[in-house]
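1. the sequence and its predicted three-dimensional model are supplied below.
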2 protein chains.
Amino acid sequence: MRIAELSRESRVPVPTIKYYLREGLLHPGERTSPNQAQYDARHLRRLKLIRALIDVGGVPVAGVRELLDAIDAKGQNIHEAMGTATHATFGEPDAEMSEEQRRGMERVEELIAERGWLGDSRRARMLVANSLATLYQLGEDELTTLLPLYAETIERIAEAEVRLVTGRPTIEDAVEGAVIGTVVGEQILAGLRHLAHEHFSTVIGVVDTGPKG
Amino acid sequence: MRIAELSRESRVPVPTIKYYLREGLLHPGERTSPNQAQYDARHLRRLKLIRALIDVGGVPVAGVRELLDAIDAKGQNIHEAMGTATHATFGEPDAEMSEEQRRGMERVEELIAERGWLGDSRRARMLVANSLATLYQLGEDELTTLLPLYAETIERIAEAEVRLVTGRPTIEDAVEGAVIGTVVGEQILAGLRHLAHEHFSTVIGVVDTGPKG
């Protein structure tokens, strides 16, 4: 198909497609003349994936390139692909830590030891440590009492997710599933959490404060 | 304290503090002369909260204002405060839905009915529906088989969270806890999910493909 059709099918404007081509996010079409190229189903699929990562996952363009490289890389494993998804979404950890961040990091290490989790991603540790540091700074230490429940429930989710993608027939399918599942799954979990908050704040609110007048 | 000290204590640069004052995110200090004002512990606390919402939660400035208004509003309840937190983080839902979005929305409604969740937030529904639509578009329907597990586990988390904040002595404490817990909790859950992915992709990867050579 020509670029105009690719644009219609993907609902991505032609200038944006050209931008992705220039940035190397989308592989070039097959040249049919100096000004024309043909695109196929793989371009369409890739374009949908780019939009999903940017629009749904809020991943910056540089992060999208990293994720796509992870999907395209030969000999990549799930472990590395999931690490890349974390990397692309969260950016670099802080070099110097505040007192609260150090306290947060200690709590994270403690939690990881309690669960017996393997792995050494400083980035994911730092994300949790920074969030804990924020709670400490705001005097919201009480909210950190939820950590053991968070870790226990998230563990069930993560195990099911990893089992699902590692069960796929090829390593390419598995890696693509790991990247997409990591990014899009986060949005689904956030949305469901809000729906469940809405439910319990209705139910528990009524119990605690009496029926609404 | 003077603005310079407020800046040192909060680690927020003076021009940024002045920006928050102009934008009405931070309430004015007490004027001691035409060019000077005094700030107190409430300013420091508010400043930390603003930075937490922006830096940790990735909430845009307009969203921060909405969240702060929710915290400051009198007669606000937890239910409304959590709704505001969702609103400020996610923005407006799409007016017109694609076929995949409609399919996603049907699945969301089905899931809500299965769990017996009360509430009518179109925004949180739309977030989940959009994420599902993305998976359908990418041919990743298989990943949606995780939805019942997601909903069941997230329900446990949300119930504990709502119980914790509704148990607080004043409604103001409860609302502030709801807003902060919603925004910062999301980051903590995302980070823990990555740590657990790392663990299981190590453990399960080894089981499925044999020991690394």
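-> Yes, it's here. Keep in mind it's a predicted model, so treat the numbers as computed, not measured.
2. okay, A:H43: pLDDT?
-> pLDDT, the model's per-residue confidence, is 92 for A:H43.
3. who does the host helix or strand of it touch, helix- and strand-wise?
-> Assignment of secondary structure by DSSP states H and E places A:H43 within helix A:41-51. Using 3 or more Cβ pairs under 8 Å, 6 or more residues apart in numbering or on different chains; DSSP states H and E as the contact criterion, the secondary-structure elements in contact with helix A:41-51 are helix A:3-10, helix A:14-22, helix A:61-72. All C-beta spots, glycine's among them, are computed from the backbone N, C-alpha and C.
4. hey, what's the angle from the helix or strand containing A:V184 to helix A:61-72? Just curious.
-> Assignment of secondary structure by DSSP H and E places A:V184 within helix A:171-209. Interaxial angle, helix A:171-209 versus helix A:61-72 (axes from the mean of the first three to the mean of the last three Cα atoms, to 10 degrees): 130 degrees.
5. list the buried residues in helix A:171-209.
-> Taking 16 or more other Cβ atoms under 10 Å in any protein chain shown as the neighbour-count basis, helix A:171-209 is seen to contain the buried residues A:171, A:174-205.
6. same question for stretch A:121-130.
-> Burial within stretch A:121-130, assessed by neighbour count using 16+ other Cβ under 10 Å, is assigned to A:121, A:123-130.
7. and for stretch A:156-171?
-> Of the residues in stretch A:156-171, A:157-159, A:161-162, A:164-166, A:168, A:171 count as buried by neighbour count, 16+ other Cβ under 10 Å.
8. when you check chain B, which of those turn up near it?
-> Checked against chain B using Cβ under 8 Å from any Cβ of the partner chain, the buried residues of stretch A:156-171 yield the following neighbours: A:157-159, A:161-162, A:164, A:166.
9. which pLDDT value goes with A:P13?
-> A:P13 carries a pLDDT score of 90 in this model.
10. that one: what's it in contact with?
-> With contact set as Cβ atoms under 8 Å, 6 or more residues apart in numbering or on different chains, A:P13 has these partners: A:S7.
11. phi, psi for it please.
-> Main-chain torsions, A:P13, degrees, to the nearest 10: phi -60, psi 150.
12. roughly how far apart are the spatially most central residue of chain A and chain B?
-> With distances taken as Cα atoms, centre = their mean, the residue of chain A nearest its centroid is A:V183 (2.6 Å). Using Cβ to the nearest Cβ, to the nearest Å, one obtains 9 Å as the distance from A:V183 to chain B.
13. list the contacts of the closest residue to that residue other than its chain neighbours.
-> Taking Cβ to Cβ, 6 or more residues apart in numbering or on different chains, and ignoring the residues beside it in sequence, A:V183 has A:G57 as its nearest neighbour in space, at 3.7 Å. Neighbouring residues of A:G57 by Cβ under 8 Å, 6+ apart: A:89, A:183-184, A:186-187.
14. same question for A:R45.
-> When contacts are counted by Cβ under 8 Å, 6+ apart, A:R45 touches B:138-139.
15. at 10 Å instead, please
-> Residues counted as contacts of A:R45 (Cβ atoms under 10 Å, 6 or more residues apart in numbering or on different chains) are A:10, A:176, B:137-139.
16. need the residues you listed in a markdown table (columns: distance to B:E80 and pLDDT).
-> Formatted as a markdown table, those follow (distance: Cβ to Cβ, whole Å; pLDDT from 0 to 100):
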| residue | distance to B:E80 | pLDDT |
| --- | --- | --- |
| A:S10 | 39 | 86 |
| A:E176 | 41 | 83 |
| B:Q137 | 34 | 85 |
| B:L138 | 36 | 85 |
| B:G139 | 39 | 87 |
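17. quick check: which ranges of chain A have low pLDDT?
-> Applying pLDDT under 70 to chain A flags the ranges A:74-78, A:81-95, A:205-213.
18. which of the helices and strands packed on helix A:41-51 sits closest to chain B?
-> Shortest distance between chain B and these, using Cβ to the nearest Cβ, is found for helix A:3-10: 9.4 Å.
19. is the closest one anywhere near chain B?
-> Yes: interface with chain B: helix A:3-10 contributes A:S10 (Cβ under 10 Å from any Cβ of the partner chain).
20. which of the residues in that helix are buried?
-> Within helix A:3-10, the residues that qualify as buried by neighbour count (16+ other Cβ under 10 Å) are A:3, A:6-7, A:10.
21. based on its surroundings, how many neighbours for A:S33?
-> Residues within reach of A:S33, counting by other Cβ atoms under 10 Å in any protein chain shown, total 6.
22. so what's it bridging to?
-> Listed beta-bridge partners, A:S33: A:Q36 (assigned using DSSP bridges).
23. pull up the gap between it and A:R2, please.
-> Remark: distance between A:S33 and A:R2 (Cβ to Cβ, to the nearest Å) = 11 Å.
24. on that earlier part again, which of the buried residues of stretch A:156-171 lies closest to B:E114?
-> When these are compared for distance to B:E114 (Cβ to Cβ), A:I157 wins out at 17.4 Å.
25. checking my notes, that closest one in a helix, right?
-> Yes: membership of A:I157 in a helix is supported by DSSP: H, G, I helix; E, B strand; the rest coil.
26. which ones are touching it?
-> A:185, A:189, B:146, B:149-150, B:152-154, B:189, B:192-193, B:196-197.
27. can you pick out the most distant pair from those residues?
-> Using Cβ to Cβ, the contacts of A:I157 reach their maximum pairwise distance at B:E152 and B:H197, which is 19.2 Å.
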